[in-house]
Each structure stands twice: as structure tokens, then as C-alpha cells.
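Student: The following block contains a protein sequence and its predicted model.
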Amino acid sequence: METTPGPAAAAPPPPGQVARALLRGLDHAALATIGAAGSPAAGAPHASLVQVACMPDASPVLLVSRLAEHTRNIEADPRVSLLLDGTPGLGERLTGARLSLHGVARRSDDPVARRRFLARHPGAALYAGFADFSFHVVEIGPAHLVAGFGRIHWIAAGVLRDDVADAAALVAAEEEIVAHMNEDHGDAIGLYARRLLGRAGEGWRMTGIDPEGLDLRREGAGEVARLAFARRATTPDQARAELVRLAKAARAVA
């Protein structure tokens, strides 16, 4: 008796894609620095909780104060590690994905770093201009991904970092696109969150867009979400086509 084979199981996404989705999708991380000389923890690892955003190429952006131990450590030795934990809410958290990223934190006056961080964390605008605060961009190094039991990978920096050289037009237009979507298409943004991502509540706004997708934040709730594109967008027109496609897909969900 002949049988008809069922559909083949979809292959899991490449490790680099999983890792970058974690990096782009989370807004807090554990930051590990090396204790500076004179500290009670001199030469030892020091871990702290930080807010994080991303540059268009996925390089992490931090806003740190010189009053913080981790900032004094970075000034003495800029080598850092960030743990991005995608496991909260899972019944068995060790089945979820987490990423340990190694890199070098460098102070940055890039207006894109400032804009993207404050869009992700609007409350930080209250103190971002204080003299003791500064933005740092983490130069991505090798990263260690655990995507679940047995799914463990080291990922090279060049694989984790997204090469956006082909997307200069989209990067330049990001601020305008985000403002336009929030001002004129708030209903579509809400549909993205509720129908495509299964998120509850009102007040969703777009905070960023890059070649791989868009970032959302729910005002007043401190909740963020990430929506991936079906195909890479490198120009404003390609991004618009993806935004329209996603809106149509959201409206088609019962």
C-alpha cells in the first residue's frame, strides 16, 4: 500500500539569524565587565543589568553613567560581554534561546546611536543629556548561542553583525519612515502587534526599522516587540512594500 509523504518539517533558521533576532528583539541585557584596579572586584567579572538598543547593523547601544561601576570598568578595560536572554515566560527556560555576545564597548557621539536608543527607551531622555551619561556602541565580537537543548553554536562577528552597506538609503530614511508610520498608520502598527505577534493592548508605536524588520514599543507598558520582514529591504520603497504586505496579512487574520 502506497502512502503519501506528509510535508517536510521546516528547517530551523540559521544560527546567525536566530542570534540576531535575539539581539534586535530584546531591550535589556546582563552586562559583564572586568573589575577595574582599585575596585573590591579588581580583575574579576562584574555583572549588571542594562538597557540596550541596536544600531541598524545590530551592534548594541548602551547608555551608561560614570557613577556606575560598569562604566568605570569599561573606561579601564573596554572588553565586555552581554547576555541576551530570550527565555522568560517559558515553562522550561533552558529550552529557550539566549546569546552571550563578546565585544568592545566604545564611547559614541553618533546621532543614530542616540536616536535609536531613545526611541527604544524614551524614559532615558530625562537623563541622557546629563554630563555623566554617555552612549557606547559595542563592537561585535564572537558570540555564543544556545538555542535550546543540543543547539549550541559559536557565531563569528561577521555573521552576527548585519552588513547594511547595501541599505544606506533605508538607514538614511529611517527617522522619516518611523515618524510617518506613527503619525499616519497607527492602526496598522496596532494590527502588527495584536494579530501578527499576538501581543495585547493598545498604544503600540514603531521605534525603528532596518533591512530585516521593524521594532515596536507599547507606550506606558515598557513592552517591546520585533516583527521580521519576509524579505530583506534595502530601500524605502522595498520597506514600504513590506509594511503594506504586513498590514494586509494582519487584516486577513480572523
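Tutor: It's in.
Student: And the helices in this structure, which stretches?
Tutor: 15-25, 69-76, 111-120, 157-160, 168-184, 186-191, 236-252 (DSSP state H).
Student: so who does the closest residue to N73 other than its chain neighbours touch?
Tutor: Leaving aside its chain neighbours, N73 sits nearest to T33 (3.6 Å; criterion: C-beta to C-beta, 6 or more residues apart in numbering). All C-beta atoms are positioned from the backbone trio N, CA, C, and that covers glycine. Listed by C-beta atoms under 8 Å, 6 or more residues apart in numbering, the contact set of T33 reads P45, H46, S48, E69, H70, N73, I74, D77, R79, V80.
Student: if we go to 7 Å?
Tutor: By C-beta atoms under 7 Å, 6 or more residues apart in numbering, T33 lies in contact with H46, H70, N73, I74, V80.
Student: Now render those residues as JSON lines, adding pLDDT, distance to V146 and neighbour count.
Tutor: JSON lines is the format used below for the contacts of T33 (pLDDT from 0 to 100; distance: C-beta to C-beta, whole Å; neighbours: other C-beta atoms under 10 Å):
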{"residue": "H46", "pLDDT": "97", "distance to V146": "22", "neighbour count": "18"}
{"residue": "H70", "pLDDT": "97", "distance to V146": "24", "neighbour count": "23"}
{"residue": "N73", "pLDDT": "97", "distance to V146": "25", "neighbour count": "25"}
{"residue": "I74", "pLDDT": "97", "distance to V146": "25", "neighbour count": "26"}
{"residue": "V80", "pLDDT": "98", "distance to V146": "19", "neighbour count": "24"}
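Student: still on that earlier bit, same list as before, the helices of the chain that is, but in a markdown table and with distance to L145 included.
Tutor: Below are the helices of the chain laid out as a markdown table (distance: least, C-beta to C-beta, whole Å):
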| stretch | distance to L145 |
| --- | --- |
| helix 15-25 | 5 |
| helix 69-76 | 23 |
| helix 111-120 | 22 |
| helix 157-160 | 9 |
| helix 168-184 | 26 |
| helix 186-191 | 30 |
| helix 236-252 | 26 |
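Student: out of those helices, which comes closest to R205?
Tutor: Closest to R205 of those, according to C-beta to C-beta: helix 168-184, at 5.1 Å.
Student: Convert the C-alpha atoms of stretch 29-46 to PDB, please.
Tutor: Taking Å, rounded to 0.1, in the frame of the first residue of the first chain, the C-alpha atoms of stretch 29-46 are listed here in PDB:
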ATOM      1  CA  ALA A  29      20.700  42.600  28.900                       C
ATOM      2  CA  ALA A  30      23.100  41.500  31.600                       C
ATOM      3  CA  LEU A  31      26.400  43.300  31.000                       C
ATOM      4  CA  ALA A  32      29.600  41.700  32.200                       C
ATOM      5  CA  THR A  33      32.700  43.900  32.700                       C
ATOM      6  CA  ILE A  34      36.100  43.400  34.200                       C
ATOM      7  CA  GLY A  35      36.700  45.000  37.600                       C
ATOM      8  CA  ALA A  36      39.000  48.000  37.400                       C
ATOM      9  CA  ALA A  37      42.100  48.400  39.600                       C
ATOM     10  CA  GLY A  38      41.100  49.800  43.000                       C
ATOM     11  CA  SER A  39      37.700  48.200  43.000                       C
ATOM     12  CA  PRO A  40      36.900  45.500  45.500                       C
ATOM     13  CA  ALA A  41      36.300  43.300  42.500                       C
ATOM     14  CA  ALA A  42      39.500  44.300  40.600                       C
ATOM     15  CA  GLY A  43      40.300  41.800  37.900                       C
ATOM     16  CA  ALA A  44      37.100  39.800  38.500                       C
ATOM     17  CA  PRO A  45      33.900  39.700  36.400                       C
ATOM     18  CA  HIS A  46      31.200  42.200  37.300                       C
END
